[in-house]
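1. can't give you the sequence, but here's the structure:
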């Protein structure tokens with residue numbers, strides 16, 4: 001019975017660890033002295049070279065993902081009362097993605113507690129062998145969104161979101177994920193949004 005309990009504890013912990021790593025980390029920065037209330041129009045700007053290894057070999061980054069990302073950005077800004085104007089914008093918005101691979105090792109030991117051996121009293125604690133070690137490969141994607149003053153070219157706001165990406169998601173789930181990550185990054189944009197917020 002004790003062995004079964006220890007095995008179940010190990011399974012639960014190893015299941016929860018990847019889930020913790022899946023939460024999106026969001027950061028942002030604002031340029032000093034910027035009056036965001038004057039910003040009425042925006043344009044989506046090409047962030048530069050799009051030739052990446054992931055673009056050619058996976059679904060992590062592709063023209064389809066970039067289109068979804070730009071649509072999600074436009075939805076966030078329009079919900080804040082701004083209008084898209086590619087000819088005469090107040091700000092240019094550019095998004096880019098980068099990727100890195102991380103490895104997590106799980107097992108073979110797990111911490112467990114229980115009653116002491118018949119010859120000892122009280123509780124004991126320690127690590128117990130549960131099985132072979134295994135390694136999990138996780139691709140971490142970072143989405144960076146820059147907002148630049150169209151007249152000066154100065155960066156006035158930057159938001160980033162970091163989260164693990166899945167190459168096996170269905171297209172509709174991938175679209176939902178893009179809109180969710182963009183919405184979370186724009187939580188920190190200094191203007192209120194009329195669109196619904198998203199949770200993990």
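-> It's in. Keep in mind that this is a model prediction, so the values were computed, not measured.
2. what about the chain, any weak spots by pLDDT?
-> 1-22, 48-58, 106-132, 192-200 (pLDDT under 70).
3. now with 90?
-> Residues of the chain that meet the criterion pLDDT under 90 lie in 1-24, 32-35, 37, 46-64, 98-141, 163-174, 188, 190-200.
4. all strands of it, in order?
-> Using DSSP state E, the strands of the chain run over 25-30, 41-44, 83-84, 91-106, 109-115, 123-129, 134-149, 155-164.
5. Could you dump those strands into a markdown table with distance to residue 191 and mean neighbour count added?
-> Bear in mind the C-beta positions are built from the backbone N, C-alpha and C, glycine included. Formatted as a markdown table, those follow (distance: least, Cβ to Cβ, whole Å; neighbours: other Cβ atoms under 10 Å):
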| stretch | distance to residue 191 | mean neighbour count |
| --- | --- | --- |
| strand 25-30 | 12 | 14 |
| strand 41-44 | 11 | 19 |
| strand 83-84 | 13 | 13 |
| strand 91-106 | 11 | 15 |
| strand 109-115 | 47 | 14 |
| strand 123-129 | 51 | 11 |
| strand 134-149 | 11 | 17 |
| strand 155-164 | 10 | 18 |
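6. Select, out of those, the one closest to residue 64.
-> Ranking those by proximity to residue 64 (Cβ to Cβ) places strand 91-106 first, at 12.5 Å.
7. Adjacent strands (with direction) for the closest one?
-> Partners of strand 91-106 in the sheet, by DSSP bridges, are strand 41-44 (parallel), strand 134-149 (antiparallel).
8. Identify whichever of those lies nearest to residue 72.
-> Smallest distance to residue 72 across the strands paired with strand 91-106 (Cβ to Cβ): 9.9 Å, for strand 134-149.
9. quick check: angle from the closest one to strand 155-164?
-> Between strand 134-149 and strand 155-164, the angle comes out at 160 degrees (axes from the mean of the first three to the mean of the last three Cα atoms, to 10 degrees).
10. Tell me what angle strand 134-149 forms with strand 25-30.
-> Going by the same axes, to 10 degrees, strand 134-149 is angled at 20 degrees with respect to strand 25-30.
11. so residue 139 makes contact with residue 167?
-> Yes - using Cβ atoms under 8 Å, residue 139 is in contact with residue 167, at 7.5 Å.
12. Mind listing the shared neighbours of those two?
-> Shared contacts of residue 139 and residue 167 (Cβ atoms under 8 Å, 6 or more residues apart in numbering): residue 60.
13. quick one on the thing from earlier: can you add distance to residue 187 and give the strands of the chain back as CSV?
-> Below are the strands of the chain laid out as CSV (distance: least, Cβ to Cβ, whole Å):
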stretch, distance to residue 187
strand 25-30, 7
strand 41-44, 18
strand 83-84, 21
strand 91-106, 16
strand 109-115, 36
strand 123-129, 41
strand 134-149, 12
strand 155-164, 9
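14. between those strands, which gets nearest to residue 70?
-> strand 41-44 (4.9 Å).
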